[in-house]
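> got a sequence here, can you build the structure:
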Amino acid sequence: MKFQEIIRVSLNSLRTNMLRSLLTMVGIIIGVAAVIAIVAIGKGSTATITSQINSMGNNLLMIYPYAPYDGSSSMSFNQTKGISLEDIEALEQQKAVAEVAPSAMTNADITWSRNKVSGQIEGTSLGFVHVRKLSLAQGRSFTHYEVDKRLNVAVLGSDAARNIFGPDASKAVGEIIMIKQLPFKVVGVLANSNSNMNNSGQQVYVPITTGMERLGNMSIQQVNASATTEEKIDQASAQIRQVLRVRHELKPSEGDDFQIMTQTEILKTVSGVDRVMNMLLIGVAAIALGVGGVGIMNIMLVSVTERTREIGIRKAIGAQRSDIMLQFVAEAVFLSLMGGLVGVMVGLGGAKLLEKFVQMPIVYSIEPVLYSFLCCMGVGVLFGVYPARKASKLRPIDALRYE
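Residues are numbered from 1 along each chain as shown. Here you go, the predicted structure:
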């Protein structure tokens with residue numbers, strides 16, 4: 001048989017049993033659509049996080065007051081001495097460190113006039129605006145004097161200002177708000193910062209000295225620091241590690257009871273998470289495609305049984321085993337590829353709907369589409385060979401006798 005004739009006969013056979021063909025393709029469609037949609041979402045999220053990290057500058061260091069997880073059952077959270085205000089002062093004296101911005105969090109009710117909202121209060125230092133690459137829309141940040149004297153002043157994130165003062169948040173500077181029934185004067189409002197990864201718009205910032213002394217239940221949970229230059233980030237990291245080890249009285253044989261992460265390490269962590277997600281996606285796709293392949297084999301075996309007399313007639317008039325086998329393999333490959341095509345459209349459409357209605361970041365790429373089609377072709381061949389061999393081995397006399 002000519003190749004074109006094999007294609008025509010295969011397509012006619014699939015068209016004759018259209019509903020059965022569509023149902024057979026469901027597993028393939030689900031597998032391909034899942035891969036296309038989730039890869040697009042995953043790449044979009046990774047690109048967004050990477051952009052947010054890069055927006056914070058190449059000289060950023062993040063310090064956490066707990067030991068790195070070493071794989072043991074105990075993560076040693078309770079064994080750390082934490083990071084104190086005295087530690088922060090010592091870090092600020094290091095030559096390679098430009099600025100240090102500690103972060104201590106608590107939740108509290110915020111009241112202004114008759115408005116009362118729940119918000120997150122963050123105690124920090126005057127350097128937080130520069131370290132986190134933020135900007136002020138109105139007013140100013142804290143001063144050294146306000147931090148040293150533990151004064152009740154506050155800087156509002158853009159969203160927090162709108163939540164407290166309503167649409168007319170431009171008049172927030174100079175107003176008095178109540179936090180845990182204590183008066184705080186608003187001295188500044190941050191500009192919108194959608195590219196920043198620290199949800200700065202939601203926070204109400206107060207001097208860390210004021211927060212830890214007067215708002216209660218606040219301890220330093222993270223420290224952001226910036227090196228004087230990008231080239232000195234390793235030097236700054238080494239100085240920070242040395243200072244904290246000395247102040248925490250750690251012996252040379254003891255590990256750090258804190259963790260320092262540079263931007264490069266954060267990006268490596270994000271990349272590692274992305275690789276894990278990709279492996280999970282491969283697993284999901286493999287299961288779905290495997291189920292779809294079993295469905296194709298099952299239907300092709302049924303098709304062989306239904307068309308036994310047809311096979312007998314064709315072999316009786318001169319069809320070769322290779323012709324019969326190629327026809328059934330072609331039908332299996334067509335089923336798989338059509339399922340892949342529908343799956344690609346469903347996956348792209350689903351990702352687009354998520355981007356539009358759920359505001360999820362989406363990044364499309366050609367690789368998962370190509371891989372999906374290659375996998376579909378492989379599934380078609382793999383699961384179509386056995387039924388095709390069974391059909392090609394039928395003896396003409398036995399096939400013609402089949403009822």
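> and Ile36, how far from Lys43?
Taking CB to CB, to the nearest Å as the measure, Ile36 falls 11 Å from Lys43. Yep, even glycine has a C-beta here, placed from its N, CA and C like the rest.
> look at those two and report which has more neighbours.
Neighbour count, other CB atoms under 10 Å: between Ile36 and Lys43, Ile36 has more, with 28 against 20.
> pLDDT score assigned to the residue sitting nearest the centre point of the chain?
In the chain, the residue lying closest to the centroid (CA atoms, centre = their mean) is Ser45, at 4.5 Å. Per-residue pLDDT puts Ser45 at 76.
> shouldn't it be in contact with Glu355?
No: at 11.7 Å, Ser45 does not count as touching Glu355 under the criterion of CB atoms under 8 Å.
> who touches both of these two?
Pro361 (CB atoms under 8 Å, 6 or more residues apart in numbering).
> and the longest strand anywhere in the chain, what does it pack against?
Counting residues, the longest strand in the chain under DSSP state E turns out to be strand 97-112. With contacts defined as 3 or more CB pairs under 8 Å, 6 or more residues apart in numbering; DSSP states H and E, strand 97-112 has these neighbours: helix 85-92, strand 115-124, helix 128-131, helix 158-165, strand 176-179, strand 220-227, helix 233-247.
> now the strands: where do they sit in the stretch 251-400 of the chain?
Per DSSP state E, counting those that start in this stretch, the stretch 251-400 of the chain carries strands over the ranges 259-262.
> show me where it has its helices.
For the stretch 251-400 of the chain, the helices defined by DSSP state H, counting those that start in this stretch occupy 263-306, 308-316, 321-357, 367-392, 396-401.
> circling back: got JSON lines for the helices and strands packed on strand 97-112, with mean pLDDT too?
Shown next, in JSON lines, are those (pLDDT from 0 to 100):
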{"stretch": "helix 85-92", "mean pLDDT": "91"}
{"stretch": "strand 115-124", "mean pLDDT": "90"}
{"stretch": "helix 128-131", "mean pLDDT": "87"}
{"stretch": "helix 158-165", "mean pLDDT": "89"}
{"stretch": "strand 176-179", "mean pLDDT": "94"}
{"stretch": "strand 220-227", "mean pLDDT": "90"}
{"stretch": "helix 233-247", "mean pLDDT": "91"}
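> relative to Arg309, which of these is closest?
helix 158-165 (73.1 Å; CB to CB).
> chain center to the closest one: distance?
Relative to its chain's centre, helix 158-165 lies at 28 Å (CA atoms, centre = their mean, to the nearest Å).
> quick one: list the elements packing against it.
Checking 3+ CB pairs under 8 Å, 6+ apart, helix 158-165 ends up next to strand 97-112, strand 115-124, strand 182-190.
> now it against strand 115-124, angle please.
Counting by axes from the mean of the first three to the mean of the last three CA atoms, to 10 degrees, helix 158-165 points 140 degrees away from the direction of strand 115-124.
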